[in-house]
Every structure is written in structure tokens, then in C-alpha cells.
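Q: Below is the sequence, then the predicted model.
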Amino acid sequence: MTGLTTTKARERVVLAATILGSSMAFIDGTVVNVALPALQRGLGASLADVQWVVDSYMLVLAALLLIGGSLGDRYGRKKTYAIGVAIFAAASASCGLAPNVSALIWARSVQGLGAALLIPGSLAILTAAFPPEKRGRAIGTWSGASAVTTAIGPVIGGWLIEHATWRWVFFLNLPLAAAVLILCMYMEESRGGESPRRLDWLGALLAAAGLGAVTYALIEMPNRGAAGGRLIEWTGCLGILALAVFVFVEQRSTSPMIPLALFRSRNFTGANVLTLLLYAALSGLMFFFPMYVIEIEHYSATEAGAAFLPFVVIMFLLSRWAGSLVERYGSRLPLAVGPLVTACGFVLFAIARQGHSYWTSVFPAVVVLGFGMTISVAPLTTTVMNSVPETESGLASGVNNAVSRIASLLAVAVLGALLVSVFNHALDRQLGTMQLSVDARAEVDAARSQLAAMRSGDPAIQSAVTAAFVHGYKTVIWIAAVSTALGGIFAFLLIDPKRPVRKIGRDGLGGAG
């Protein structure tokens, strides 16, 4: 600990290192979506390709997130965190240098490995470094700073895409990672007690195999003909079987990755069902919205990155108020009302008229969505933390975080498959009314996997492509609205309003942040 002799100095170093490291992962999660249209054009990628750019990262992260936390407890949180940051940085450089989309997908999966090590370590290091009387303020500072960087990240990334190249979205992580690794040299090590949990590698392998196979089937199904259909069906079935075996193994494991006994709590089950449906809907919107506004509404990448700034501002300003809702009204009411308000935000996105200004079309939807998510997120986190004994609150938070990642993973695959199906059906219907030559039709069929990024010199064909994509996009958003509303209904039915709530600090953070 050279040069850091005071407690305050050590605490500042820990705070800076954890904020920068977690912000790096949070920024990457939001800014990559803004880069997808430019990446699609630059690499000639299909929708399935860009789905894999997102889902390869989410798959590894979801499967190894809880293992990453256990590795920190066992071998040292600072060491594991630093290794995660280094892996994430190296993978980011590989993403920026990727010569083709296949190389980019593989590099993104390695990024997911790094994120699985650094994300759980961030709050664990913070909690160990600060005494209880300072912890709430430290976590509040971490949360606020992370929110600000997450909001600014897409704007900076959009500017880089617009004025340089999409590759700088990934190179942006390198100076942040270098700063974190330097700060880690001045941090003290911490571990998770005398008897850390045994690592459930079998559970992690089954989860990764099952989720990966199901995701592969969902993404590739719309793009394969009859020859590849049987392989995809078998892959999907094997994925479902692997997930069933995962549940079987976890029930009988002495140290499971996901203790299924946690789900005996109605509140914990209800909160996680809501997390799955709510974050699936939000992830679907975040994936397809940049494609829509950039390719259809002709926003610049910077404008697309800034479009959700009101959402983040609302959540940041009202988070403390939302944190008190459980204390005032219990868990059930805010977790029923919040998703319904959020669903109204999705409806506004779905009915927004094409060609209108941001302030009359997108802005009202972003504001309502932000307000609904604000009502939902803090009570959701509090409910998860309070639904289990205090000794298991960290594990419950990790499980809820993993559920949110799985929701994002499946949403991109499921909603993407649905959008492709609707797009193809709508495009075929419109092309059927045109007198196209065999060559013109073949040209359209060869490029249709690019969806809205497809370009044609024939204005009629281009208009048909635009109309088909808008139809598919709005269908997906309507389904997201229904998913969110169902989450609120399930929360109302499952969460027990009479159960006493163990209070935690309003700045407490966990779950699906």
C-alpha cells in the first residue's frame, strides 16, 4: 500500500476503481446497441450476426456471473476483479480490431468472461472496504456515478461512430481499464470468509450449454432452410434437456450455483418472474430502437445515443424516492403499478408516428418508460434482498442479477426471431404486388437478412423494406408492452403484501441493476 497511509485515501481509491470498472461494463452494455447499425453496414452483417454480437456476451456473462462472485470470495476479490478488467480490456481491443463479424462474436464472448469476473467484484470490494456507517453513502456514490457514466457512454459512443468508426466504441474501454488496473495496485485484498462456497462448475457448464443451444436455435431458425431445420430443432431440444439436467443437478448439489430453495419464498419468486418479464421487454427495446431510429427515422448515431438520456435522468433523480415506496406501501403495490406504467411507455413507443420529431414521438415514451422503471427497480431490488435471510441476501442479489441477464439474452433471440418472421411475411406480401424481374427478386432475397439496413436503388422496393421493418418493430414493441404488464400482474398475484419487510438502506443496490 505504497503512499496510501490514511483510511480516507484508501477508501477513495476503492471508490474510484469500482466506479471506473463497473462503468466500463455498463457503458459497453448500452453503447454497443447504438453501434449495431454502423457495424451491420461496415461488416455486411445480418440481423442474426448482430444478435450474436449481443448474445455471445450475454450468454457467457449470465452463465458465469455467480461463479465469478464465488471466485472472488475464494481467491481474493481484488485479484479476481483485476483479472476480469484485464480480460475485458484485451477482448475489447480484439473487438475493435475484428476483421469480420465472426471474429467480433468470439471476442464479445471473451468480453462476457471478463465481465463475469469484474461485475460481482465491484460491489463486493466496496462493501468490504467501507465500514457499515459509511457503506450506504459509498454505494450511493457508486450508483450515481455509474448511472451518469452509463448515460454519457452512448452519447460519446454515438459521436465516435458518427465522426470516426464503430471500432472506437470498443477502444473506449482501454483507457478506463488501464486506470482501474493502476488503482488496483493500491487496494487491499479481501476474501469471503473462512469457508468460501465450493465452485459449481458442472452447474455453470450445463447452464452455458443449455442457454447457448436454445439461443442458437432461436436466432438461426428464421435464417435456415429445410436442410438446416432438423439440426436446429435437435440443438434446441438438447438445450432444453441440458437446462432440465441443470435443475436436477442444482436440486441435489451441496453447493449449487443457484440454490433453488430460495424460490420457496413467494416474494423472491414473484420478484424474479417480474425481473424476467420486465428486463426482457426493456432489452428488446434497447436492441431494436437504435436500428429503428437510425435506419428508418435517419437519426445520427449521436442523436440515437442521446435519445434515452431523459430515462437515465429520471431514474437518477427519483431513485431515493422510489426506494422509500416499499417502506410506505409494501412490496406488492409498487411492483404492480410500476410495470403497468412502464407498459404504457412501451405503448407510446408502439404508436409513435413515423417521421415526427423526437419531442412529439420518442420523448413522451422515454419519460413514461423512465418513470415506470423508476417505480419498479428500487422496490424490486429491496424485495429481492428482503425476501431471504440476511445471510443469503448477497446470493439472492446475484441470482436476481443473473435472471436479468438471462432475460436480456433470451429477449434478443426470441424477439429477433419474431421480428424476422414478421418482416419476411410483410415484405413478401408487398413484393407480391410488384412486377419484379427474377434478378430483382433474387437481389432482394439475398439481402433481406440485413432488414432495415438493406438498400435498393428501386424506391418502391426500398419503401416496401421500410414498411416491413416498421411493422416488425412495432409488433415486437407491443409484445414488450404485454410482457411488462404481465410482470406486474404476476407480481401482484405472487408477492405477499402482509409479509414483514426487512428494511435496507435506500442506497442499497443489488439485483438486476
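A: Right, received. Where do you want to start?
Q: So for this structure, the centremost residue is which one?
A: Nearest to the mean C-alpha position of the chain, counting by C-alpha atoms, centre = their mean, stands Ser408 at 5.0 Å.
Q: buried sites along the host helix or strand of that one?
A: According to DSSP states H and E, Ser408 maps onto helix 393-431. By neighbour count with 16 or more other C-beta atoms under 10 Å, helix 393-431 contains the buried residues 393-420, 422-424, 426-427, 430-431. The C-beta positions use only the backbone N, C-alpha and C, and glycine is treated the same way.
Q: ok, now stretch 43-61?
A: 43, 45-61.
Q: Could you do stretch 90-99 as well?
A: So for stretch 90-99, counting by 16+ other C-beta under 10 Å, buried means Ala90, Ala91, Ser92, Ala93, Ser94, Cys95, Gly96, Ala98.
Q: Likewise for stretch 351-362?
A: Quick answer for stretch 351-362 (16+ other C-beta under 10 Å): Ala352, Ser361, Val362.
Q: For the second one, give its distance to Gly370.
A: So the one you mean is Ser361. 16 Å (C-beta to C-beta, to the nearest Å).
Q: Could you do Met454 as well?
A: 32 Å.
Q: ok so, going back, test my guess that the residue nearest to the centre of the chain contacts Ala281.
A: No. The criterion here is C-beta atoms under 8 Å, and Ser408 misses it with Ala281 at 10.4 Å.
Q: What's the first helix or strand after the helix or strand hosting Val249?
A: Using DSSP H and E, the element containing Val249 is helix 226-252. Note on helix 226-252: by DSSP H and E, the next helix or strand toward the C-terminus is helix 266-291.
Q: just the CA coordinates of stretch 127-136, formatted as CSV?
A: Taking Å, rounded to 0.1, in the frame of the first residue of the first chain, the C-alpha atoms of stretch 127-136 are listed here in CSV:
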residue,chain,number,x,y,z
THR,A,127,-18.7,-3.5,0.8
ALA,A,128,-15.5,-4.9,2.3
ALA,A,129,-13.6,-1.6,2.1
PHE,A,130,-16.2,0.6,3.9
PRO,A,131,-17.5,0.2,7.4
PRO,A,132,-21.3,-0.1,7.9
GLU,A,133,-21.7,3.6,8.8
LYS,A,134,-20.1,4.7,5.6
ARG,A,135,-21.3,1.9,3.3
GLY,A,136,-24.6,3.4,2.3
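Q: In contact with the closest residue to Thr150 other than its chain neighbours, which residues?
A: Distances taken as C-beta to C-beta, 6 or more residues apart in numbering put Phe26 closest to Thr150, at 4.4 Å, once the chain neighbours are dropped. Applying C-beta atoms under 8 Å, 6 or more residues apart in numbering, we find Phe26 in contact with Ser146, Thr149, Thr150, Gly153.
Q: mind checking the SS state of the first one?
A: For Ser146, the secondary-structure state derived from DSSP: H, G, I helix; E, B strand; the rest coil is helix.
Q: Let me see the contact set for it.
A: Ile19, Ser22, Ser23, Phe26.
Q: wouldn't the second one be in contact with Ser122 here?
A: Yes. At 4.2 Å, Ser22 and Ser122 qualify as touching, with contact defined as C-beta under 8 Å.
Q: so what's in contact with these two at the same time?
A: Trp142.
Q: thinking Trp106 is in contact with Trp52, fair?
A: No. The criterion here is C-beta under 8 Å, and Trp106 misses it with Trp52 at 9.7 Å.
Q: Below-threshold pLDDT in the protein: ranges please.
A: The model of the chain has pLDDT under 70 over residues 1-5, 135-136, 140, 143-144, 147, 192-197, 223-229, 390-394, 498-513.
Q: And the helices in the stretch 1-150 of the chain, which stretches?
A: 7-43, 47-75, 77-97, 101-129, 132-163 (DSSP state H, counting those that start in this stretch).
Q: by how many degrees do the third one and helix 7-43 diverge?
A: Between the axis of helix 77-97 and that of helix 7-43 there is an angle of 20 degrees, by axes from the mean of the first three to the mean of the last three C-alpha atoms, to 10 degrees.
Q: Could you check the angle helix 77-97 makes with helix 101-129?
A: Per the same axes, to 10 degrees, the angle that helix 77-97 makes with helix 101-129 is 160 degrees.
Q: Can you name every helix or strand that helix 77-97 contacts?
A: helix 7-43, helix 47-75, helix 101-129, helix 168-171, helix 173-184 (3 or more C-beta pairs under 8 Å, 6 or more residues apart in numbering; DSSP states H and E).
Q: in the last one, what's buried?
A: Using 16+ other C-beta under 10 Å as the test for burial, helix 173-184 gives Asn173, Leu174, Leu176, Ala177, Ala179, Val180, Leu181, Leu183, Cys184.
Q: next one: that helix to chain centre, how far?
A: Helix 173-184 sits 23 Å away from the centroid of its parent chain (C-alpha atoms, centre = their mean, to the nearest Å).
Q: Contacts for that helix, please.
A: Against helix 173-184 from outside (C-beta under 8 Å, 6+ apart): 13, 16-17, 20-21, 23-24, 27-28, 78, 81-82, 85-86, 88-89, 92-93.
Q: Restricting to C-alpha, output it in CSV.
A: The C-alpha trace of helix 173-184 is given here as CSV (Å, rounded to 0.1, in the frame of the first residue of the first chain):
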residue,chain,number,x,y,z
ASN,A,173,-12.7,0.7,-22.8
LEU,A,174,-8.9,0.6,-22.9
PRO,A,175,-8.0,3.9,-21.0
LEU,A,176,-10.7,3.1,-18.4
ALA,A,177,-9.2,-0.4,-17.9
ALA,A,178,-5.7,1.0,-17.6
ALA,A,179,-6.8,3.4,-14.9
VAL,A,180,-8.6,0.6,-12.9
LEU,A,181,-5.5,-1.7,-13.1
ILE,A,182,-3.3,1.1,-11.8
LEU,A,183,-5.7,1.8,-8.9
CYS,A,184,-5.9,-1.9,-8.1
